[in-house]
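here is my input; please provide its structure:
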Amino acid sequence: MMRFKNFYRGLVSISNAPTTLISEGTKVVGDVTFAGNLEILGSVVGNIISEQESARVRVLNGGSVQGDILSSLVEVNGFIKGNIYARDRLCLESQCEVNGSVHYSLMEMQPGAQVVGSCIYQQPQPDGRLSSQDAVAEAVNIKDIRSNKQMFDKQ
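The predicted model follows:
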């Protein structure tokens with residue numbers, strides 16, 4: 001019981017931050033950078049990134065993300081096609097489906113949750129980063145380079 005009290009105490013401190021909602025029927029195309037809380041009921045095609053120490057991403061049942069997620073706390077009960085990098089906690093709920101690797105320092109997985117990929121435990125670094133975060137930055141840079149090349153090819 002003590003373990004859950006500590007877990008929920010962390011959630012209470014996060015919940016006072018501003019919340020951004022991507023509602024059902026909304027589709028966002030492009031990378032999303034945010035602070036506070038991000039709740040997804042619609043779909044995002046692009047990476048979701050927050051460097052804020054107390055940031056939280058919630059992909060709710062019916063929500064989907066095609067891209068990587070980088071945040072302190074990640075809760076998934078929808079569909080993810082991409083990698084997840086959770087600096088503090090990763091919660092995989094019973095309706096979630098993840099097609100990609102999950103990088104975590106603390107993970108909770110409910111019965112029914114599906115992960116098609118690797119579960120990679122990583123010790124947080126003193127600066128609060130996971131060593132795999134450099135891979136996300138590299139992937140974003142490669143995507144930008146490819147986008148620019150395609151633009152030049154069309155001209």
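
show me the contacts for Arg56.
Leu11, Ile14, Ala17, Gly36, Asn37, Leu38, Ser71, Ser72, Leu73, Val74, Glu75 (C-beta atoms under 8 Å, 6 or more residues apart in numbering). Every residue, glycine included, has its C-beta placed from N, CA and C.

list the beta-bridge partners for the most centrally placed residue in the chain.
In the chain, the centroid-proximal residue (C-alpha atoms, centre = their mean) is Ile69; its distance is 2.9 Å. Under DSSP bridges, the beta-bridge partners of Ile69 are Ile48, Ile84.

from Pro111, how far out is it?
From Ile69 over to Pro111 the distance is 22 Å, taken as C-beta to C-beta, to the nearest Å.

give me the number of residues near Ile48?
When neighbours are defined as other C-beta atoms under 10 Å, Ile48 has 26 of them.

next up, the contacts around it.
Contact partners of Ile48, counting by C-beta under 8 Å, 6+ apart, are Asp31, Val32, Phe34, Leu38, Val57, Val65, Gly67, Asp68, Ile69, Leu70, Ser71.

what about the last one, which helix or strand?
It stands for Ser71. strand 69-76 (DSSP states H and E).

name the residues that touch that strand?
Residues outside strand 69-76 that contact it (C-beta under 8 Å, 6+ apart): 10-11, 14, 38, 47-50, 52-59, 80, 82-93, 96, 98, 113, 128, 133, 136.

what's the local residue count around Ser23?
As a burial measure, Ser23 scores 10 neighbours (other C-beta under 10 Å).

surely it and Leu60 touch.
No - using C-beta atoms under 8 Å, Ser23 is not in contact with Leu60, being 10.2 Å away.

tell me, what's touching those two both at once?
Shared contacts of Ser23 and Leu60, defined by C-beta under 8 Å, 6+ apart, are found at Leu41.

and the nearest residue to Leu73 once chain neighbours are set aside, how far from Pro111?
Among residues not flanking Leu73 along the chain, Arg56 sits closest, at 4.3 Å (C-beta to C-beta, 6 or more residues apart in numbering). As judged by C-beta to C-beta, Arg56 and Pro111 stand 23 Å apart.
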